[in-house]
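# Next comes the sequence, and after it the predicted model I'd like to discuss.
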Amino acid sequence: MIRSSFPGRHPATRPRRLRSAGWIRAITAESRLIPADLIQAMILREDDAEAGPVPAMPGIRRHSVDEAVEAARRARDLGLPALALFPHTSQEQRDAGASAAFDPDNLMARAARAIKAAVPGIGLIGDVALDPYTDHGHDGVLAGGEILNDETVPLLCRQALVLAEAGFDVLAPSDMMDGRVGAIRGALDAEGFTDRMILSYAVKYASRFYGPYRDAIGSRGVLQGDKRTYQMDPANAEEGLREVALDLAEGADMVMVKPGLPYLDMVTRVKQAFGVPTVAFQVSGEYAMLAQAAEAGAFDFQAAGLEALACFRRAGADAVISYYADRAAQWLAEERR
């Protein structure tokens, strides 16, 4: 908002004076981007699974557990505070009941234990959702073409407990089932995990920008139908604020807006309305657009990538989950030299 009492006019007032050199732009910057604002998104793979690049995401590959440990060390050394982990799951590991999600020795659990043993100070955010493990690609129990909300919630609680036991600091339910935040909070507390945080995917839209991620976790071609009965309509904003209010009432410690750049208005509205820690997810499709445009010569990836991340901070995001957080942290360090 432009204040009516703002003094001066041209030529006495010249806004360009405050843009005339790097040092004055630094002094007058209204928001800043530092490595501590960034969370590295990482796709895990089994040791014998394909290690090649993720389709449509140039420069992104899946990590074995050993590789994830090394990536965690690098993230720590770059000043990144946390990793958000997601599993690639083969078709053989998937079934209608998502049974692999409840295996205490599944890929996510093994990776968490290994990372915490090697890099104990880094935060780990665990995705709580069934879609990487179901043979139908949905985030919940599927029956007669319908996703059953109340039957899914207890399964999410079981999955959250597996992740908490493995060492995840933050449980991040991304499924969009009603009531799951309160149920997960109750399950965690009942088992003594009162210190574990919940980052709710509170404002998660049924978006086309998730396409490359579904390739990354092995869900391409698996999903039956779409997720519009439980993820939000991209046309809606007030609904997102109601979702945030409900999740906070149920015990969420932090909330997320996903996708990111197409929904910066929601980042701002959530932060202004609730004043709680607000995370934005720069999703796979956003990364793909930046990386592929840079490969085509449209712009420099470093410059455009840092600009995009800075926009999240300007909009009000306290942290950004990104697939190139490690590279961004390196670029920021180089800029300071």
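Perfect, thanks for sending it. Numbering: from 1, shown residues only.
# Quick one: the strands in the stretch 51-200 of the chain, in order.
Counting by DSSP state E, counting those that start in this stretch, the stretch 51-200 of the chain has these strands, from start to end: 82-87, 123-128, 141-143, 146-148, 170-173, 197-204.
# Please work out which residues outside the fifth one touch it.
Spelled out, it's strand 170-173. The list of residues contacting strand 170-173 from outside it, by Cβ atoms under 8 Å, 6 or more residues apart in numbering, reads 82, 84, 123-129, 156, 160, 163-164, 180-181, 184, 188, 196-201, 254, 256. Backbone N, C-alpha and C define where each C-beta goes, glycine included.
# That one pairs with which strands, parallel or anti?
Neighbouring strands of strand 170-173 in its sheet, by DSSP bridges, are strand 123-128 (parallel), strand 197-204 (parallel).
# do the first one as well
Taking DSSP bridges as the criterion, strand 82-87 pairs within the sheet with strand 38-44 (parallel), strand 123-128 (parallel).
# Please write out the alpha-carbon positions of the first one in CSV.
Taking only C-alpha atoms (Å, rounded to 0.1, in the frame of the first residue of the first chain), the coordinates of strand 38-44 have been written out as CSV:
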residue,chain,number,x,y,z
LEU,A,38,16.1,-22.9,1.9
ILE,A,39,15.2,-26.6,2.3
GLN,A,40,16.7,-29.2,0.0
ALA,A,41,14.1,-31.5,-1.7
MET,A,42,15.6,-34.9,-2.4
ILE,A,43,14.3,-38.0,-4.1
LEU,A,44,15.6,-41.3,-2.7
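# From the chain's centroid, how far away is it?
8 Å (Cα atoms, centre = their mean, to the nearest Å).
# next one: the shortest one
Using Cα atoms, centre = their mean, we find the averaged C-alpha position of strand 123-128 to lie 9 Å away from the chain's own average C-alpha position.
# So which residues make contact with that strand?
Identification of contacts with strand 123-128 by Cβ under 8 Å, 6+ apart yields 39, 81-87, 108, 112, 115-116, 156, 159-160, 163, 166-175, 180, 184, 199, 321.
# Return a ChimeraX selection command for the buried portion of those residues.
To isolate in ChimeraX the members of the contacts of strand 123-128 that are buried, counting by 16 or more other Cβ atoms under 10 Å, one can use:
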select :39,81,82,83,84,85,86,87,108,112,115,116,156,159,160,163,166,167,168,169,170,171,172,173,174,175,180,184,199,321
